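1. Sharing a model prediction with you, sequence too.
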Amino acid sequence: QTIKIGVNEPLTGAFAASGTYVVNGAKIAADEINAKGGVLGKKIELVIEDNKSNPTEAAAVAEKLITSDKVPVLMGAWGSSLTLAVMPKLMEYETPMVVETSSSGKITTTGNPFIFRISPPSAVEAAAFKNIVDKLALKKVDFLVINNDWGRGTAEDFSKMMKDKGISIGLVETMDQGAQDMSAQLSKIKSSDSETVIVTTAVDQLTLIFKQAAALGLKKRIITTGGSQNPDQIIAQAGAAANGTMHLTTFLPWFPDKTPNPEATNYFIAEWKKRGFEFAGCTESFRGYDGIRTVAAAIEKAGKAEPAAIKAALWNINIKGLNGDIVFRKSGPEGKESGQSQPNVYLIEINDGKVEMKTL
Amino acid sequence: MLEIRDMVCGYGGVTALRGISLDVKAGQLVALIGANGAGKSTTLRAISGLVPPRSGQMKFEGIDITGARPPRVLASGIAHCPEGRRVFPHMSVEENLDMGAYLRRGSGEIAADRDRIYTEFPRLAERRRQAAGTLSGGEQQMLAIGRALMSRPRLIMFDEPSLGLAPNIVERTFAIIRGIRDAGTTVLLVEQNAFAALEMCDHAYLLENGRIVLSGAGTELIANEHVRKAYLGG
Amino acid sequence: MSEFLQHLINMLVLGGTYALLGIGLTLIFGIMNVVNFTHGVLYTFGAYIMFIVVQQLGLNFFLALPVAVLAGWLLGAAIELTLLRPLRGSDIDTTMLVMIGAWIAMQSGTLWIWGGVAKSVATPFPEAPLVLGPVSVSWLRLFVLAAAAMLILVTYLLINKTSLGRAMRATFQDHDTASLMGVNVDMIYTSTFAIGSSLAAAAGALLGPVYVIFPQMGDLAAVKAFAIVILGGLGNITGAVIGGFILALAEELGAGYVSSGYRDAMGFLIIIAVLIFRPTGLFARAERVG
Amino acid sequence: MARSIAMTIEQVAVRFGGLVAISDMSFEVGEGEIVSLIGPNGAGKTTAFNVMTGFLTPSAGRVTYRNTALAGLKPHEIADLGLIRTFQRTSVFPNDTVYDNLMIGLHRRGRVRLLDAILGLPGARASERRLRQRASELLEWVGLERRAHDAAGSLSYGEQRLVGVALALAAQPSMLLLDEPVSGMNASETHRFVELIRGIRDRGITILLVEHDMPMVMTVSDRIVVLNYGRIIAEGAPEVIRNDPAVIEAYLGHGAGRA
Amino acid sequence: MKAIVTILAVAALGSVPLWLRDPYLLNALITTGIFVIGAMSLNLLLGFTGQLSLGHIAFFGIGAYVSALTSLGFDIGLPGGFRLVHAPWPPIVGFVLAILIAGLCGYFVGLLSFRVRGAYFVIVTISFAEVVRLVALNWVELTQGPLALTNIPSIALPLPGFGELTLRTKFHNYYLVLVVALIAYLLIARLVHSHFGRAMRGLMENETLAVSVGIDVTRTLTIAAVISAAIAGAAGSLYAHYIRIIDPEVFAFINTVTMVIMVISGGKGSLAGPVVGGLIFGLLPVALRPVMAPEAQWIAYGGVLIAILFVLPRGIVPSLAQRFMRRRSGAPALAPVTLTETSAKEPA
Ligand SMILES: Nc1ncnc2c1ncn2[C@@H]1O[C@H](COP(=O)(O)OP(=O)(O)OP(=O)(O)O)[C@@H](O)[C@H]1O
Ligand SMILES: Nc1ncnc2c1ncn2[C@@H]1O[C@H](COP(=O)(O)OP(=O)(O)OP(=O)(O)O)[C@@H](O)[C@H]1O
Ligand SMILES: [Mg+2]
Ligand SMILES: [Mg+2]
């Protein structure tokens, strides 16, 4: 007799790498919890399904997890369009889902009371960045963002925040997910009169951007956002081109002591290494770890593995996640609010191939 | 030189040749005539290996070539100038001729042969660089004949070589065919211009419905009442 | 002005890349008439071979290139023998679908073997770019440009000047007649596919280190390759090269002066426009009716 | 013969790059006439057909059919005027049965409104019945009943040529352009074909014929136009052409009297 | 015989929701059904005119967006400072508009792209779909770009006298999809068996010859393209109102590929082909899901595809029909044999 938790992640297709990381993090959490005796005296069991990086499949998978596997709660679904596709199913079957990665503002503002998100939407990230901005003495920034909800949302929310701060906004350039050559955009940015570029995209494109920016002799300050940067991978792949770049991140695996929950961080990182995963994956996978711990805490609190009870309990949990306290606050239209927790945000810098925390 | 015994052959569900036996003697010009759909082209295709025989036997110069694939048949000395022109449309006239000499070595001799063909068909010389697919019908036919000659075979099979050629060129073509026979190359000729074919051949076969119904010297066939009526329009 | 110059330089480098992508496909799609959905996978494969040889076996970068080309040749030959030969003579859509099946299966195989995380390959070229006044360009990409030019030249000579090339073209224009000319058409099918594949792998091996290596990297590359082949006219190598540069120019200027969101759209709009003007590509083959 | 004119070709020229395929060609074809266009290989006969049927735009000159200028019309629009051609290269719908080939050929006769066809209205159904009837007639006419349900591509060369002619007839021509219709037929088959052509003409259909089979051309033509290197070198009745030295030199050769 | 099979198949499909209680499977059947409709529309082009559209998803996506935007409303700025404001309309109107506008796009694409053929047509269609995708992605004001259109309402059928029936459940949606599929099937069947169908086949097999007997290429192909696009648009609309979120991902190339797989594996140019192929390749992932690792599922998917074509190279329906019903009217008794393959296959 186990308690099932549905995990709806992209294991094949465009987002396979990230989805797999998240699932690996989730497994660490499940094993840890089970080793300590499980929840409510039962072991938890992750029912992991591949949504193929495809929204239609993500919805179908949610349906399967809820109706065939009878999971009382879900975690998923990585990308925003995947999560958005799942959301009507949550309403239909009144089953809560912890959203671990998606950043689209819409997820928590459309009035779906079954959504509990632990990742920061770009507005939250922008708000956290606000305090740092003054110290960086920014004057004019350009944006280079991935052309999806994440990149576009970031450009929008950061611009708004910066305008309020009196910083002027220059170019807003986009790149397609999967694009490999950003020279054209970078050439344009190279000739603009701004001194800083904010870059938002997944780690692979970041690597390419750093390399191509170096090849073009682009000498502006680069700050990346979104927390998917995976600095280790960047250092390994972009080499010297990554030096001097700054990154807004939500998790600090390099400085476990500086995280809100050093004990958990150390455990997680040790476990991650023990299982032979690349260290670079930490910055993605910790969300799966936190997500499952969140779910487990809610089940414990609910006292039974039923959707309604878990949903209610999610509002009352307070656990120390790897990147801050996980406490859900209400977001969205009244009466049908979704939950949103507020993770910490840090700024790090890569220097001489090492990650340094920027003391601000 | 070429012996065919009881060859049966067909396409998918149908049988086109129902047991054919024929002989082509070295140095002869042998004609094969018959109505539309009788199986003339199929006979040539079977010999060159384009259509595998279902049963029966083929020998060329004593060597069994039953079921051999076209490159091997060609290598053993039989060339086939197929029906309906079949030039390589996107290649130039010159490249088409060179394809005819694909298995040959020695570029000097090949170039000489090419020049000979250009003298026989001056039209082709004018069109050396033109894509073969844009040639007129008759020009393509000349090219197909020229290309077959380029392989320097010991036995050459022509499938309706006069097709679409102007009368004076038909004359020249038949003269060429007689000429190569006189020079010692054996010829198997399928022709709708039955009269001309029978007149110049050493031996002829009449094919009807996939069977050989008559054979003999060309003059004998011309004299035959049935042949006159059904094939010579008389 | 300096921005414009930089765009032009980018166009040159990118165009070389695109031309390189195009030539392998010109053989298989343009000449052989197989809608080759595995082209992108072979490209990816070439890149992973580089990764294995350089990063995992620790061998020399320049040694890895011919290894990748050879591996691409072998894989291409294997695909032709196992998947295409049994279906010889089926219509073009059937073979296309088989290639789609192979694409899906092989791409997932790549994901299974190497995982989805992107890999990169260290190169012996200096990281600091070559700076020429206001513009700069990386040494690696200059090398790729030179290598691409060489491969294109070799392919051009192979197809247009050798007897093998002539036999290849003849076979795919009329294989019965080609076999009557003594061409071993089975051998031609296999070797054409293998050569095209090795060129795809070469492109992957050269470009993998420029970009990053991951299982889906070939998809976009393949779409562009198809577009380039069509732009230049089927089976026309010179056309493919020019098509590559046109596509690069459209994208570069589109992103630079229109909107980066519509960067790829510019490329596609150019294709549509070109084909409306010249329905058989920039360098059409002469045809006739009647 | 005070015939009305069916087709006028005026100063037509065609160039392919630097190659002149037709230079300044003018002639007329009267209603109900059988005119033959002959000339050496590559003289420009098929090219002329391509111009007349809209497959090629001439570099200069104009073609008029029954007082309609053909310039700018698409091939199917020209076909709609009743000007139908056959092809020198065998040309059939290879994967359809011979019968279905004819059904496709009957396109012009079978036009119905899209909506009628989709809804299967009686008008559309009656039209289908008529087409089937006509297809069977044509099949009988060319003597291919036995092959009705074989794919046209599986027929022998000569049989496919017959299908090509039947297809042209199916398209309800008022004028028929035949490009080497009897190539691939033997003398007896050609005789039969000559009868067929006469039958067609007797139904009031004008015929322009390209053919290298001189006995046939000489027996069937009312008038002959001779083309050489894209230029008309002679025009007249068969007897005149047969003895024209220029024609003999360029085209007939000296053995033409035979066979 | 054929009629009996058809009736039995329809009855079987119609009875499914009565005994199949698993919502996941029903969901899979509904989305499969929607793609089967798309595949049928693609088959009209590919199977009956020989034009392979690898951008067919464009019409599907356009239908989805039109329908979604009609029922959600929008407010966009136009050049010159005007604003275009549209208040939400009932989804059923969106459905009709999706068909009309997708059909209209089919018309324009047809006009443009039927100047080119074969491979060139393939690329033009891919390019068209990509351009449409990029517009959907970048015209954020209208389409919300990557932020997706969410909360798309379910289709409601006006029932005179009873008010409205909102098709929210899977039971309802299943029948909705089935009915639309049947109508599309009948429409296509009628079309291809008519005069127009013959014209299309003629063009597919020998365009020059077809033109010479008076077939108007542009008109014929455009009719096919319009009807095909309209049906794809209908499928897209069903998709939008069933999944209830739509973003530019719907234009993904893999979706076109899925339809192509359904058509060719089932048998292009046969009416039942896309249905059979569609059911197989729509449900295959469902069957594979529990038995193997995710990557292996895709490998198996590709493997099954290849295996089917090796055994039945002309597609399931035509190949089987040929085996079981040789020499029935319609199918040529004697098909042309291309020469070298026979020599490769037949024992010497
Ligand atoms: N490719 C093919 N596929 C199927 N059947 C074929 C094929 N080619 C020929 N046939 C059939 O084989 C028979 C013999 O055809 P063949 O081409 O040998 O005739 P032929 O004597 O050359 O006639 P013609 O004078 O018209 O060229 C015919 O009935 C024909 O229908
Ligand atoms: N598309 C083309 N491109 C280049 N040259 C062409 C093209 N079409 C025809 N030609 C040339 O124009 C000339 C006339 O060709 P056409 O086909 O009209 O000749 P024809 O009189 O029909 O000859 P035949 O009796 O051999 O059929 C030929 O020399 C041919 O090579
Ligand atoms: Mg024959
Ligand atoms: Mg001609």
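-> It's in. Ligands and ions are numbered 1, 2, ... in the order given.
2. Point out where chain E drops to low pLDDT.
-> Within chain E, the set of residues satisfying pLDDT under 70 comprises E:1, E:325-348.
3. what's the neighbour count on residue C:154?
-> The tally of other residues near residue C:154 (other C-beta atoms under 10 Å in any protein chain shown) stands at 12. Just so you know, the C-beta spots here come from the backbone N, C-alpha and C atoms, and that holds for glycine as well.
4. ditto for the one 3 residues further on
-> As a burial measure, residue C:157 scores 12 neighbours (other C-beta under 10 Å).
5. The host helix or strand of it close to chain B?
-> Element membership for residue C:157 (DSSP states H and E) is helix C:139-161. No: using C-beta under 8 Å from any C-beta of the partner chain, we find that helix C:139-161 stays clear of chain B, coming within 9.6 Å at best.
6. From ligand 3, how far off is the residue of the stretch 51-200 of chain D found nearest chain E?
-> Scanning the stretch 51-200 of chain D for the residue nearest chain E gives residue D:153, at 3.0 Å (criterion: C-beta to the nearest C-beta). Taking C-beta to the ion, to the nearest Å as the measure, residue D:153 falls 14 Å from ligand 3.
7. what's the answer for residue B:71, then?
-> Counting by C-beta to the ion, the gap between residue B:71 and ligand 3 amounts to 22 Å.
8. ok, now residue B:79?
-> Taking C-beta to the ion, one finds residue B:79 at 17 Å from ligand 3.
9. ok, now which ones touch that residue?
-> B:148, B:151, B:153, B:155, B:156, B:157, C:180 (C-beta atoms under 8 Å, 6 or more residues apart in numbering or on different chains).
10. So which of those residues is surrounded by the most neighbours?
-> For the contacts of residue B:79, the largest number of neighbours (other C-beta under 10 Å) sits with residue C:180, at 30 neighbours.
11. how about the residue nearest the centre of chain B, secondary structure?
-> Among the residues of chain B, residue B:158 comes closest to the average C-alpha position under C-alpha atoms, centre = their mean, at 1.4 Å. Classification of residue B:158 using DSSP: H, G, I helix; E, B strand; the rest coil returns strand.
12. Now look at stretch E:182-189 and say if it contacts chain D.
-> Yes: residues of stretch E:182-189 contacting chain D under C-beta under 8 Å from any C-beta: residue E:187.
13. Touching that stretch from outside, list them.
-> Residues outside stretch E:182-189 that contact it (C-beta under 8 Å, 6+ apart) are D:118, E:10, E:37, E:40, E:41, E:43, E:44, E:227, E:231, E:234, E:271, E:275.
14. What is the most widely separated pair among those?
-> Farthest-apart pair in the contacts of stretch E:182-189 is E:10 and E:227; separation 21.5 Å (C-beta to C-beta).
15. roughly how far apart are the closest residue to ligand 2 within chain C and ligand 1?
-> For chain C, the residue closest to ligand 2 is residue C:288, as judged by C-beta to the nearest ligand atom, at 3.6 Å. Relative to ligand 1, residue C:288 is positioned 24 Å away (C-beta to the nearest ligand atom, to the nearest Å).
16. tally of neighbours for residue C:209?
-> Residue C:209: 25 surrounding residues under other C-beta under 10 Å.
17. what do you get for the one 4 residues further on?
-> Counted by other C-beta under 10 Å, the residues lying close to residue C:213 total 26.
18. ditto for residue A:352
-> By other C-beta under 10 Å, 9 other residues sit near residue A:352.
19. And residue A:309, by the same measure?
-> 18.
20. residue contacts, it?
-> Going by C-beta under 8 Å, 6+ apart, residue A:309 touches A:302, A:303.
21. Ranking helices and strands of chain A by mean pLDDT, which lands last?
-> In chain A, no helix or strand scores lower on mean pLDDT, DSSP states H and E than helix A:231-238, which sits at a mean of 80.
22. Would you mind putting the CA coordinates of that one into CSV?
-> Written as CSV, here are the backbone C-alpha positions of helix A:231-238 (Å, rounded to 0.1, in the frame of the first residue of the first chain):
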residue,chain,number,x,y,z
PRO,A,231,26.7,27.9,-14.4
ASP,A,232,28.8,24.8,-14.3
GLN,A,233,27.6,23.7,-17.7
ILE,A,234,28.3,27.2,-18.9
ILE,A,235,31.8,27.2,-17.5
ALA,A,236,32.5,23.8,-19.0
GLN,A,237,31.1,24.6,-22.4
ALA,A,238,31.7,28.3,-23.0
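23. No more questions from me, cheers.
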